[in-house]
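Undergrad: sequence below, structure please.
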Amino acid sequence: MRTLPEVERPVVRLDVDGAVGVIRLSGPPLNVLDRAAQVALHRAAEQAAADDRVRSVVLHGGPRAFSAGADIKEMATMTHAEMVRHAAVLQAAFDAVAAIPKPVVAAINGPALGGGCELALCADVRICGSEARLGLPEILLGVIPGAGGTQRLPRLIGPARAKELIFTGRQVGAAEALELGLVDLVKPTDQVLDSALQWARRFETGPALALHAAKTAIDRGLGTDLATGLAIEQTAFAGLFATADRTTGMQRFIADGPGHAEFTGR
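TA: Alright, predicted model coming up:
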């Protein structure tokens with residue numbers, strides 16, 4: 001079993017609020033994602049995935065900044081050989097967030113730049129404050145996004161729009177991010193976290209296995225052709241007929257109509 005190294009400070013932590021897991025970036029003022037933060041992020045994501053109490057997840061960086069991205073001073077000292085080794089560690093941390101088998105929403109205030117934007121892209125839904133700024137400025141440093149930005153952004157907003165943002169490194173405000181489809185909802189700054197928690201709490205009593213299956217089918221299907229995607233869906237759909245929640249959901253529908261089932265996540 002792979003063991004993640006210990007981190008000296010809780011730069012990223014998982015708090016459980018009822019059935020909602022909140023992954024908090026706690027490295028003020030800008031929640032820079034240095035190597036210690038990447039390890040902590042990976043651990044928090046795995047904890048959220050494994051904790052049966054957690055039915056949905058919120059990514060939150062605080063009221064002033066989601067994350068300004070990687071620690072450039074730290075990266076500037078790394079050699080090619082060091083980055084060849086570390087790039088896999090970096091991507092694995094973000095992949096762990098994207099792989100959480102539960103609905104995930106990013107609550108974005110202030111800057112979400114570079115690695116911060118890439119982290120937001122790992123969520124299923126993004127809610128941002130009216131003052132938020134998002135972008136992938138790595139090209140201005142002579143590099144490209146390395147935590148999934150070149151892959152997740154085109155899949156979200158289309159290749160042409162993604163290339164324009166990545167090629168120029170420019171930042172977009174909340175209104176343009178909404179127009180591009182980079183975020184799904186814009187709220188006043190002081191309402192962002194509450195809106196994200198409200199979204200996440202809708203799944204507290206939902207059919208956890210069906211939600212997992214839906215997320216898996218969508219995410220895996222996006223990476224393949226239609227025929228393979230349909231096969232993935234077919235397998236996931238049929239598999240749910242082995243769950244107690246499917247039996248409960250259909251029996252209550254027949255008896256009382258939709259919306260009355262009480263799911264157990266089994």
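
Undergrad: these two touch, right, Arg35 and Glu74?
TA: Yes. Counting by Cβ atoms under 8 Å, Glu74 is a contact partner of Arg35 at 6.6 Å. Backbone N, C-alpha and C define where each C-beta goes, glycine included.

Undergrad: between these two, who's got more neighbours?
TA: A count of neighbours by other Cβ atoms under 10 Å puts Arg35 above the other of Arg35 and Glu74, at 18 against 13.

Undergrad: which one is Arg266 nearest to, not counting chain neighbours?
TA: Nearest residue to Arg266 in three dimensions, chain neighbours excluded: Ala244, at 4.6 Å (Cβ to Cβ, 6 or more residues apart in numbering).

Undergrad: any idea how far Ala236 is from that neighbour?
TA: 17 Å (Cβ to Cβ, to the nearest Å).

Undergrad: higher neighbour count, the two?
TA: Ranked by neighbour count (other Cβ under 10 Å), Ala244 and Ala236 place Ala236 first, with 20 against 13.

Undergrad: please, which helix or strand holds that one?
TA: In the assignment (DSSP states H and E), Ala236 maps to helix 226-239.

Undergrad: name the helices or strands packed onto that helix?
TA: Helix 226-239 is packed against helix 208-222, with contacts defined by 3 or more Cβ pairs under 8 Å, 6 or more residues apart in numbering; DSSP states H and E.

Undergrad: can you give me the helices in the stretch 151-266 of the chain?
TA: Assigned by DSSP state H, counting those that start in this stretch, the helices in the stretch 151-266 of the chain fall at 159-168, 174-180, 192-201, 208-222, 226-239, 244-256.

Undergrad: now those in CSV, with distance to Asp95 and mean pLDDT?
TA: CSV is the format used below for these (distance: least, Cβ to Cβ, whole Å; pLDDT from 0 to 100):
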stretch, distance to Asp95, mean pLDDT
helix 159-168, 19, 98
helix 174-180, 23, 98
helix 192-201, 21, 97
helix 208-222, 11, 95
helix 226-239, 18, 96
helix 244-256, 27, 92
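
Undergrad: tell me which of those helices sits most buried.
TA: Neighbour counts (mean count of other Cβ atoms under 10 Å) averaged over each of the helices of the stretch 151-266 of the chain peak at helix 192-201, with a mean of 20.

Undergrad: what's it in contact with?
TA: Outside of helix 192-201, the residues within contact range by Cβ atoms under 8 Å, 6 or more residues apart in numbering are 17-20, 22, 56-58, 60, 63, 103, 105-109, 125, 127-129, 185, 187.

Undergrad: all set, thanks.
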